[in-house]
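Undergrad: dropping the sequence and predicted coords here.
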Amino acid sequence: MSAPLNVVILAAGKGTRMKSDLPKVLQPLAGRPLLSHVLAAADTLAPERICVVYGHGGEILPRAIAPLFAHLDLAWAKQEPQLGTGHAVQQALPYLDPEAICLILYGDVPLTRPETLREMTLIAREGAIALLTVRLANPAGYGRIVRNARGEVIRIIEHKDATPEELAIDEVNTGILCLPAAKLAAWLARLGNDNAQGEYYLTDVIGMAAAEGEKVIPCHPGATWEVLGVNSRSQLAELERLHQRNVAEALMAQGVTLIDPARIDVRGSLECGRDVLIDVNCVFEGSVSLSDGVKIGANCVLKNVSLAAGVELQPFCHLDGAKVGADARIGPFSRLRPGSELAEATRIGNFVEIKNSQVGCHSKINHLSYVGDATVGRRVNIGAGTITCNYDGANKHRTVIEDDAFIGSDTQLVAPVSVGHGATLGAGTTLTQDAPAGQLTLSRAKQMTVPGWQRPVKNK
């Protein structure tokens with residue numbers, strides 16, 4: 001039986017260059033905290049235990065992250081004071097299974113692929129130490145990988161402690177490694193802090209292992225962006241664009257047409273069917289599903305939305321918590337709020353807002369209207385400027401409009417009220433009582449003309 005996997009995530013740093021009261025690992029990438037990306041990658045490896053080492057920000061971090069990963073039994077180890085990466089991992093030792101292999105990750109390195117990490121766990125299960133390294137054209141600031149004449153890794157030297165010859169090395173340490181937990185504990189107990197920083201370096205473990213004849217096997221990521229960390233707002237923005245470009249490439253590989261792959265933001269999950277087209281500057285949040293043939297116009301925002309086959313969303317629409325049936329046409333400048341459900345072949349036009357309402361198939365709300373807390377039947381036409389007056393100042397009330405009704409322009413329906421099957425409401429009506437089926441109902445003030453009336457003029 002292979003050794004179980006334990007994961008330690010170092011997330012105690014302050015992130016001074018972020019200039020924020022928020023702990024660095026809670027800064028958002030693609031709409032989620034940096035740390036949540038690392039936890040999601042670790043979760044795919046089915047670890048027996050995950051321990052997060054935290055410090056800056058105190059209990060803010062556990063309170064923010066734990067609800068997002070309620071299915072994981074996360075352990076939280078506080079590092080206080082913060083005396084380096086080796087000292088940080090020491091805080092996690094009480095939570096580790098000595099029979100396990102231990103994968104060490106960083107809460108501010110969010111884009112490492114699970115495939116890369118899985119390769120490292122396989123090496124560690126064979127008893128060796130897997131060390132993730134990368135070659136950089138500009139390695140300044142990184143610890144250098146020092147090899148012997150046979151090309152074997154013998155130690156890591158931090159940038160501030162390196163000689164000029166060592167600074168010329170372009171292979172650098174990413175900090176990510178995987179090794180047997182029992183050996184890790186023994187080496188951590190021997191760490192010292194005789195270095196330029198006065199800290200306990202985790203990297204010294206590699207030198208100890210090599211000195212004892214342990215195998216240190218370098219692994220390499222598929223791309224440099226997998227090991228990039230975040231220390232500033234500029235670096236966070238850079239990783240955001242890298243991540244979004246990766247998402248865009250994956251969507252296009254599935255057959256999605258992106259008018260400009262550089263101008264899409266996915267801040268959650270986006271599932272697409274065949275022949276989906278997405279125009280520029282669209283944002284997808286939460287869980288979004290686009291079925292076959294869906295077309296999304298420019299500058300739309302979709303959050304927790306499901307669009308059935310053939311839906312066309314014209315530019316500048318905002319959908320949140322909505323479900324839309326096949327072949328519907330929405331927009332431009334439409335807003336669907338939570339609880340909105342549109343049946344097939346509905347038409348929702350410009351400057352229409354719908355909230356917590358169901359709209360039946362082939363119904364139309366084309367212009368400048370608000371429909372809230374309403375049930376709208378099939379083949380209903382709602383004219384421009386119509387409002388369902390659903391709120392009395394304390395409670396919400398429901399409006400029912402049955403099949404084949406025609407609602408004239410500039411109509412107010414004061415809920416609770418219903419409009420019968422096939423009924424017609426004249427333009428300008430304020431409906432306060434139920435309108436009977438098949439009949440015309442209207443309420444208007446008597447029109448009159450005042451002879452001799454003159455419009456007031458300004459005094460000279």
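TA: Thanks, I have the structure now.
Undergrad: any idea how the chain splits into domains?
TA: 5-227, 233-441 (automatic domain parsing).
Undergrad: may I see the ones you listed organised as TSV, with distance to residue 449 and mean neighbour count added?
TA: All C-beta atoms are positioned from the backbone trio N, CA, C, and that covers glycine. Below are the domains of the chain laid out as TSV (distance: least, C-beta to C-beta, whole Å; neighbours: other C-beta atoms under 10 Å):
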stretch	distance to residue 449	mean neighbour count
domain 5-227	59	18
domain 233-441	18	19
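Undergrad: closest one to residue 456 among these?
TA: Closest of those to residue 456 is domain 233-441, at 26.2 Å (criterion: C-beta to C-beta).
Undergrad: where does residue 175 sit: helix, strand or coil?
TA: strand (DSSP: H, G, I helix; E, B strand; the rest coil).
Undergrad: look at it and report its pLDDT.
TA: We have a pLDDT of 94 for residue 175.
Undergrad: list the contacts of the residue lying closest to it once chain neighbours are set aside.
TA: Sequence neighbours aside, residue 106 is the residue nearest to residue 175 in space, at 5.6 Å (criterion: C-beta to C-beta, 6 or more residues apart in numbering). Neighbour list for residue 106: 9-11, 38, 175-176, 229 [criterion: C-beta atoms under 8 Å, 6 or more residues apart in numbering].
Undergrad: now residue 214
TA: 128-129, 183.
Undergrad: picking that back up, mind listing which of the contacts of residue 106 are in strands?
TA: 9-11, 175-176 (DSSP state E).
Undergrad: could you pull out the strands for the stretch 101-250 of the chain?
TA: Assigned by DSSP state E, counting those that start in this stretch, the stretch 101-250 of the chain shows strands spanning 101-106, 129-135, 144-147, 153-157, 171-180, 216-219.
Undergrad: would a markdown table of these with distance to residue 446 be doable?
TA: Shown next, in a markdown table, are the strands of the stretch 101-250 of the chain (distance: least, C-beta to C-beta, whole Å):
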| stretch | distance to residue 446 |
| --- | --- |
| strand 101-106 | 76 |
| strand 129-135 | 82 |
| strand 144-147 | 91 |
| strand 153-157 | 91 |
| strand 171-180 | 81 |
| strand 216-219 | 85 |
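Undergrad: re the thing from before, can you name the two of the contacts of residue 106 that are farthest apart?
TA: The widest separation within the contacts of residue 106 (C-beta to C-beta) is 13.8 Å, between 11 and 176.
Undergrad: now flag whichever of the contacts of residue 214 is closest to residue 95.
TA: Looking across these and measuring by C-beta to C-beta, the closest to residue 95 is residue 183, at 17.0 Å.
Undergrad: quick one: the closest one and residue 208 touch, right?
TA: No. Between residue 183 and residue 208 there is no contact, the gap being 9.2 Å when judged by C-beta atoms under 8 Å.
Undergrad: low-confidence ranges in this protein?
TA: Along the chain, segments meeting pLDDT under 70 span 1.
Undergrad: for it, which helix is longest?
TA: helix 233-253 (DSSP state H).
Undergrad: mind checking how far that helix is from the chain centre?
TA: 12 Å (C-alpha atoms, centre = their mean, to the nearest Å).
Undergrad: give the next helix or strand downstream of that helix.
TA: Scanning forward in sequence from helix 233-253 by DSSP states H and E, the next helix or strand is strand 257-258.
Undergrad: which strands and helices sit next to that next one?
TA: helix 233-253, strand 277-278 (3 or more C-beta pairs under 8 Å, 6 or more residues apart in numbering; DSSP states H and E).
Undergrad: parallel or antiparallel, list what pairs with the shortest one.
TA: Going back to what we said before, that points to strand 277-278. strand 257-258 (parallel), strand 295-296 (parallel) (DSSP bridges).
Undergrad: who does whichever helix or strand comes after the first one touch, helix- and strand-wise?
TA: So that's strand 257-258. The helix or strand immediately downstream of strand 257-258 is strand 264-272, counting by DSSP H and E. Judged by 3+ C-beta pairs under 8 Å, 6+ apart, strand 264-272 is in contact with helix 233-253, strand 282-290.
Undergrad: which residues are contacting the first one?
TA: Just to be clear, that refers to helix 233-253. Looking at what lies outside helix 233-253 - C-beta under 8 Å, 6+ apart - the contacts are 17-19, 27, 29-30, 110-111, 225, 228-230, 258, 261-262, 264-266, 270, 272, 278.
Undergrad: same thing but at 7 Å, please
TA: With contact meaning C-beta atoms under 7 Å, 6 or more residues apart in numbering, helix 233-253 is reached by 18, 27, 29-30, 110-111, 225, 228, 230, 258, 261, 264-266, 272.
Undergrad: what's the farthest-apart pair in these?
TA: 18 and 272 (33.8 Å).
Undergrad: format the contacts of residue 106 as a markdown table; extra columns: distance to residue 212.
TA: Listed next are those as a markdown table, based on distance: C-beta to C-beta, whole Å:
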| residue | distance to residue 212 |
| --- | --- |
| 9 | 27 |
| 10 | 24 |
| 11 | 30 |
| 38 | 30 |
| 175 | 21 |
| 176 | 21 |
| 229 | 30 |
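Undergrad: got a list of what residue 229 touches?
TA: 106, 108-109.
Undergrad: repeat the analysis, applying 6 Å as the threshold.
TA: Contacts for residue 229 (C-beta atoms under 6 Å, 6 or more residues apart in numbering) come out as 108-109.
Undergrad: next, give phi and psi for it.
TA: The phi and psi values for residue 229, taken as degrees, to the nearest 10, are phi -100, psi 180.
Undergrad: just to revisit the earlier point, how about the domains of the chain, which one is nearest residue 450?
TA: Short answer: domain 233-441, nearest of those by C-beta to C-beta, at 20.0 Å.
Undergrad: hmm, back to that, make TSV from the ones in strands among the contacts of residue 106 and add distance to residue 137 to it.
TA: Formatted as TSV, those follow (distance: C-beta to C-beta, whole Å):
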residue	distance to residue 137
9	29
10	26
11	29
175	19
176	20
